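S.K.: pasting a predicted model and its sequence here:
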Amino acid sequence: MIGIDTKILVRHLTQDDPQQSRRVERFFQARSSDDPAFVSLVVVAEICWVITKTYAFKHLQVIDAFQRLLRSDQIQFEETDFLTTLFFGPAIRGDIADHIIAHIATQSGCAKTVTFDQAAAQNIPGMELIA
């Protein structure tokens, strides 16, 4: 297994740099279920931010992209069960990165995650407004 960073998946999803995109596609062609690329939750959160802010992906485009990536035998995700539930479950309300933040905090034993973000507090289990 080989870990990959955000820019590798950004090139894969956007094809915005022909030379780098070709290298990324060759890299993925060499991956398999026996030797996949590894994507951490940090990379997932960062990709969501980059493709929405820099490449203007809409919420549904992000979900569709991750559904395709999660189906790939060439990629292994950290916390696959959580991401599968997130991207294939009921409609995601709120920021995907906030869902990841709340999940990591819960997995680490936190009773809750406090925030100033009203939308996150309303839409994401485990998040609430700071008192």
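M.R.: In hand now; what should we look at?
S.K.: from here on, just use CA atoms for contacts and neighbour counts.
M.R.: OK.
S.K.: which residues touch the residue most central in space within the chain?
M.R.: Centroid check for the chain by C-alpha atoms, centre = their mean gives V44 as the closest residue, at 2.6 Å. Contact analysis of V44 by C-alpha atoms under 8 Å, 6 or more residues apart in numbering lists 6, 97.
S.K.: which residues belonging to the helix or strand containing it are considered buried?
M.R.: Using DSSP states H and E, V44 sits in helix 41-53. Within helix 41-53, the residues that count as buried by 16 or more other C-alpha atoms under 10 Å are 41, 43-51.
S.K.: what's the answer for stretch 120-131, then?
M.R.: 120-121, 123-124, 126-128.
S.K.: ok, now stretch 28-44?
M.R.: 28, 31, 36-41, 43-44.
S.K.: which one among these gets closest to Q61?
M.R.: Checking the buried residues of stretch 28-44 against Q61 by C-alpha to C-alpha gives V44 as the nearest, at 14.3 Å.
S.K.: can you pull the pLDDT of that closest one?
M.R.: We have a pLDDT of 96 for V44.
S.K.: what are the phi and psi values for S108?
M.R.: When read as degrees, to the nearest 10, the backbone of S108 gives phi -90, psi 0.
S.K.: and what of F38?
M.R.: Taking degrees, to the nearest 10, you get phi -110, psi 130 for the backbone angles of F38.
S.K.: also T6?
M.R.: According to degrees, to the nearest 10, the main-chain angles of T6 amount to phi -60, psi -40.
S.K.: ok, it - contacts?
M.R.: Applying C-alpha under 8 Å, 6+ apart, we find T6 in contact with 43-44, 46-47.
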